[in-house]
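Colleague: fold the following for me, if possible:
(one chain, ligands or ions: 1)
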Amino acid sequence: MRKASVCALVALGAVLLIHGGSRAGEPVGRVAVMCGRGVQAELGERLASAVRESFTCATSVSLLDAGVPGTDAGMTPLIRATRKAGDVLVLVVLDEPSAVCSNALDVSSEGYAVVNLAGYRPRGPRSPGTDEVTVQRSEREALRMVGALVGMKTCPLPLCALSESATLEELDAKGMNLCPHCRYVSEPLIRKAGIAVEPRRLKVKEQPAPAEGD
Ligand SMILES: [Zn+2]
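Modeller: Residues are numbered from 1 along each chain as shown. Model prediction:
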């Protein structure tokens, strides 16, 4: 009898391992950050981390193994070749000074968007290195694009990461997080897209004990 229980536990453990410990019916996909030519995986991890924290969703980071194609049409086969099962949405991170890979929101039917670091450098797209300002601008744009990929509208609150910014100054003035409304709205949309969502860590404030005789 005891042996049977142990076997059942081992079997359950195996099932949980295979399914990543998810509850039945929960989505298991992720937002895949794919780094193009010259983009370090560490930088991809920074963007993935920003996405993970704001949307509390699963992410991954990989390198686009072939070179960056010269046209948007060439991007799709490259992404298809790199995409793994479960990569529901793809955020391509490029560092291309050419106008071909624009920073404009590029939500295609393939479910990917492009963040081009070159467009965010304070001293122009061809200046070397990736400074903190460039990284933070890219993080804000990564959040906005993931929001757009799951069907969220632009937020009217200027401090929200999902608000529109017409200039780099406006982009710098934005917050690094979603406003409470966007957080609330994003969760079911992320799930609906098929991406695994972590339950939010609720900050429970300790209530003072009521005074006696109240
Ligand atoms: Zn918002």
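Colleague: give me the three-state assignment for Ala118.
Modeller: For Ala118, the secondary structure call by DSSP: H, G, I helix; E, B strand; the rest coil comes out as helix.
Colleague: quick check: closest non-adjacent residue to it.
Modeller: In space, and not counting its chain neighbours, Ala118 is closest to Pro125: 3.8 Å by Cβ to Cβ, 6 or more residues apart in numbering. To be clear about C-beta, it is placed using only N, CA and C from the backbone, and glycine gets the same treatment.
Colleague: for the one you found, list the residues it contacts.
Modeller: Listed by Cβ atoms under 8 Å, 6 or more residues apart in numbering, the contact set of Pro125 reads 97, 118-119.
Colleague: kindly reformat these as JSON lines containing distance to the ion, neighbour count and pLDDT.
Modeller: Formatted as JSON lines, the contacts of Pro125 follow (distance: Cβ to the ion, whole Å; neighbours: other Cβ atoms under 10 Å; pLDDT from 0 to 100):
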{"residue": "Pro97", "distance to the ion": "31", "neighbour count": "16", "pLDDT": "81"}
{"residue": "Ala118", "distance to the ion": "27", "neighbour count": "21", "pLDDT": "89"}
{"residue": "Gly119", "distance to the ion": "23", "neighbour count": "22", "pLDDT": "88"}
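Colleague: Gly25: which of these is nearest?
Modeller: Gly119 (40.2 Å; Cβ to Cβ).
Colleague: isn't Pro158 right next to Ala173, touching?
Modeller: Yes: using Cβ atoms under 8 Å, Pro158 is in contact with Ala173, at 6.8 Å.
Colleague: ranges for the strands of the chain?
Modeller: 30-35, 59-63, 87-94, 112-116 (DSSP state E).
Colleague: need the residues of this protein near the ion, please.
Modeller: Applying Cβ under 5 Å from the ion, one finds that the chain approaches the ion through 155, 157, 160, 162, 179, 182.
Colleague: distance of the last one relative to Ser54?
Modeller: The span separating Cys182 from Ser54 equals 9 Å under the rule Cβ to Cβ, to the nearest Å.
Colleague: having no further points to raise, I will conclude here.
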